[in-house]
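**Q** Sequence first, predicted model second:
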Amino acid sequence: MGFIGSNFIRYAMRTRPAWTIVNLDKLTYAGNPANLADLQSGDGGGRYRFVLGDIQDVALVTHILDDGIDVVVNFAAESHVDRSILDSTPFLQTNVLGTQALLDASRGRPLGRFVQVSTDEVYGPAPAGVDFAEEAPLRPTSPYAASKAAADLLCLSSHKTYGTPVVIGRSTNNYGPYQYPEKFIPLVITQALENESIPIYGDGRQIRDWLYVEDHCEVVCRLVEAGQPGEIYNIAAGTGVPNYDVADQILKLVGRPVSLLRFVTDRPAHDRRYALDDAKIRATMGHSPAWTLEMGLEATVRWYVDHPQWWRPIKSGEFRGFYETWYSRQ
Ligand code: TYD
């Protein structure tokens, strides 16, 4: 019940009425049951079921798959780059060993597809003017990105070796409702709402291509329905903007001054720019994003303004220890 997975379940329940979904989740720090509080096991006429557990538990995954599952979508991941710099262990466990365990449990089954949710970070930084296509070399620069690249390679080898119908989607940075406030956009919004300073790494000119989470969810649905096994699909928004400008737009929406922005020590090995060439998904799936950055930021800000009961306990709880450790380092 992380950020993208919980949005996906809500979106698929709404737009794919023929689907039945089993949600296997370990509920780690960022996997908050409140992310799907509006959806209970048995909802949607029995179309949704929650199972508490770890994707590394092959026996449990096998048991679930035996229940007539025909598609696996792997959203399970430790995803915060800064945390991976502090401690890579959970990243290797969930992202690498967890993916392999899912692949092992899926081996030899008549699955329709195994969709692996990946990231543009596996390619490493894109030089100015270059948008990486799916064939670009993998040059991850953080433990998080390296663990996701490893997972992609394990998926592809499982396709080659065992014929597992693996489909990989590599998306750019997501944002939207229910994103844990350690990530840049919800961090900026919630710090601004609390009139607290907003940490900007380095010069703030790093570029990310912000994809509204619902656009990503629609693509994952299409990959479930029509992704070609063995193929990789880049998923982009086409909204490459420097971090400083994103923060500035959010401050305007929240009605707070730019003086809240505070330049802090840069993240080690901070990738300067991410940019993907998404011609393949546009051509094969007929997909192009529906949300502009302006629309998405407005909707996201509104959601955080309307849901302080969701993010306030997180910020005063688990998040505080991480924030103090990470942002006080030099
Ligand atoms: P983040 O949301 O961590 O995603 P990623 O590093 O996976 O792209 O960060 C997005 C961008 O915002 C990235 O360039 C780092 C930057 N950033 C800050 O400037 N300050 C912060 O406090 C955080 C968390 C991120």
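**A** Received it, and whenever you're ready, just let me know what you need. Residues are numbered from 1 along each chain as shown.
**Q** Identify the residues contacting the closest residue to A269 other than its chain neighbours.
**A** The shortest distance from A269 to any non-neighbouring residue, by C-beta to C-beta, 6 or more residues apart in numbering, is to T141 (4.5 Å). C-beta coordinates here come from the backbone N, C-alpha and C atoms, glycine included. Shown in contact with T141 (C-beta atoms under 8 Å, 6 or more residues apart in numbering): 124-125, 269, 271.
**Q** and of these, the nearest to S157?
**A** G124 (21.0 Å; C-beta to C-beta).
**Q** roughly how far apart are the closest one and G238?
**A** Using C-beta to C-beta, to the nearest Å, G124 is found at 20 Å from G238.
**Q** For these two, work out which one has more neighbours and name it.
**A** The residue with more neighbours, out of G124 and G238, is G124; 21 against 16, by other C-beta atoms under 10 Å.
**Q** What residue, apart from its backbone neighbours, is nearest that one spatially?
**A** Nearest to G124 is R139, by C-beta to C-beta, 6+ apart, at 3.5 Å.
**Q** Y144 now?
**A** Using C-beta to C-beta, 6+ apart, the closest residue to Y144 is S84 (3.8 Å).
**Q** Could you pull up the residues touching that neighbour?
**A** 78, 91, 142-144, 147.
**Q** Equivalent analysis for S171, please.
**A** 117-120, 211, 216, 219, 234-236.
**Q** at 6 Å instead, please
**A** 211, 216, 235 (C-beta atoms under 6 Å, 6 or more residues apart in numbering).
**Q** and the first one, how many residues sit next to it?
**A** Translated: L211. L211: 27 neighbours (other C-beta under 10 Å).
**Q** Can you report phi and psi for the closest residue to it other than its chain neighbours?
**A** Excluding its sequence neighbours, the residue lying closest to L211 (C-beta to C-beta, 6+ apart) is A237, at 3.9 Å. In terms of degrees, to the nearest 10, the main-chain angles of A237 are phi -110, psi -30.
**Q** Can you give me the distance of A237 to I9?
**A** 21 Å.
**Q** Neighbour count for these two, which is higher?
**A** Set A237 next to I9 and count neighbours by other C-beta under 10 Å: A237 wins out with 26 against 23.
**Q** re the thing from before, from the contacts of S171, which land in helices?
**A** Among those, DSSP state H puts H216 in helices.
**Q** out of the contacts of S171, who's nearest the ligand?
**A** L211 (11.4 Å; C-beta to the nearest ligand atom).
**Q** So V115 belongs to a strand, correct?
**A** Yes: per DSSP: H, G, I helix; E, B strand; the rest coil, V115 lies within a strand segment.
**Q** so what's it up against?
**A** 73, 167, 223-224.
**Q** got CSV for the residues you listed, with neighbour count, distance to D104 and secondary structure too?
**A** Shown next, in CSV, are the contacts of V115 (neighbours: other C-beta atoms under 10 Å; distance: C-beta to C-beta, whole Å; DSSP: H, G, I helix; E, B strand; the rest coil):
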residue, neighbour count, distance to D104, secondary structure
V73, 22, 17, strand
V167, 24, 18, strand
L223, 25, 21, helix
V224, 21, 21, helix
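**Q** before we move on, the earlier item: for the residue nearest to Y144, give its distance to N243.
**A** 19 Å.
**Q** Equivalent analysis for D82, please.
**A** 14 Å.
**Q** What of N95?
**A** For N95, the distance to N243 (C-beta to C-beta) stands at 24 Å.
**Q** Compare those two (neighbour count), which wins?
**A** When neighbours are counted by other C-beta under 10 Å, N95 and N243 differ, and N95 comes out ahead with 29 against 20.
**Q** mind checking how far the more buried one is from the ligand?
**A** Going from N95 to the ligand by C-beta to the nearest ligand atom, to the nearest Å gives 13 Å.
**Q** again, but for I314
**A** 14 Å.
**Q** same question, D152
**A** Counting by C-beta to the nearest ligand atom - D152 and the ligand are separated by 16 Å.
**Q** In contact with that residue, which residues?
**A** Shown in contact with D152 (C-beta under 6 Å, 6+ apart): 118, 168.
**Q** of all the residues in the protein, which ones are close to the ligand?
**A** 81, 121, 173, 183-184, 187, 199-201, 206, 208, 243 (C-beta under 6 Å from any ligand atom).
**Q** Verify the stated contact: C217 with A12.
**A** No: between C217 and A12 no contact is recorded; they are 7.1 Å apart, counting by C-beta atoms under 6 Å.
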